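Student: Structure, please.
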Amino acid sequence: MSTPAYDDQNVFAKILRGELPSHKVYEDDKTLVIMDIMPRGDGHILVIPKNPSRNIFDIAEEDLNAVMATVQKMARIVIKAFAADGTTIQQFSEPAGGQVVFHTHVHVIPRFEGVSLRPHTGDMADNDVLAAQAEKIRAALS
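Tutor: Numbers count the residues shown, from 1 in each chain. Model (predicted):
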């Protein structure tokens, strides 16, 4: 399988360049963490490498390691911030794997006993709700 070329006009590349807004909750030299604007659960965040890569097939090992270290850190933080019972971690690669935005990203979703994931409807969440959830996560980081 040959992976198509990286497209620097994808939504996450634009967020990284500051061309589109986002609710940032964490950032280090290699990764950015933002709220998912179409969350499947309260506190649903995305961990994104700052360096360009399409998905798991072309990401540099160093960037993948940085992303996964941030995923682990943020999984612990969202558990704390939302008093969650667990997390779901997801990464989709290529259309057949469910990928929609072609910049590597990992979903971290706080989970609660007896509460199903919301369907991926494509509906955007209320901006004020996302802002409040982002603040809860930032507060749990300190």
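
Student: Would you map the strands across this protein?
Tutor: 24-27, 31-35, 45-49, 86-90, 106-111 (DSSP state E).

Student: So what are the sheet partners of the third one and their directions?
Tutor: Yep, that's strand 45-49 we're talking about. Strand 45-49 has its sheet partners listed here by DSSP bridges as strand 31-35 (antiparallel), strand 106-111 (antiparallel).

Student: Of those strands, which is nearest P52?
Tutor: Across the strands paired with strand 45-49, the minimum distance to P52, taken as Cβ to Cβ, is reached by strand 31-35, at 12.7 Å. The way it works is simple: take the backbone N, C-alpha and C, and place the C-beta from them, glycine included.

Student: roughly how far is the closest one from the heart of the chain?
Tutor: Average the C-alpha atoms of strand 31-35, do the same for its chain, and the two points are 6 Å apart (Cα atoms, centre = their mean, to the nearest Å).

Student: Alpha carbons only: can I get that strand in CSV?
Tutor: These are the backbone C-alpha positions of strand 31-35, laid out as CSV (Å, rounded to 0.1, in the frame of the first residue of the first chain):
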residue,chain,number,x,y,z
THR,A,31,2.5,17.8,20.3
LEU,A,32,-0.7,19.9,20.6
VAL,A,33,-3.9,18.8,22.4
ILE,A,34,-7.3,20.3,21.4
MET,A,35,-10.9,19.6,22.1
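
Student: residues contacting L16?
Tutor: Going by Cβ atoms under 8 Å, 6 or more residues apart in numbering, L16 touches L32, I48, K50.

Student: Do you know the pLDDT at it?
Tutor: As predicted, L16 sits at a pLDDT of 97.
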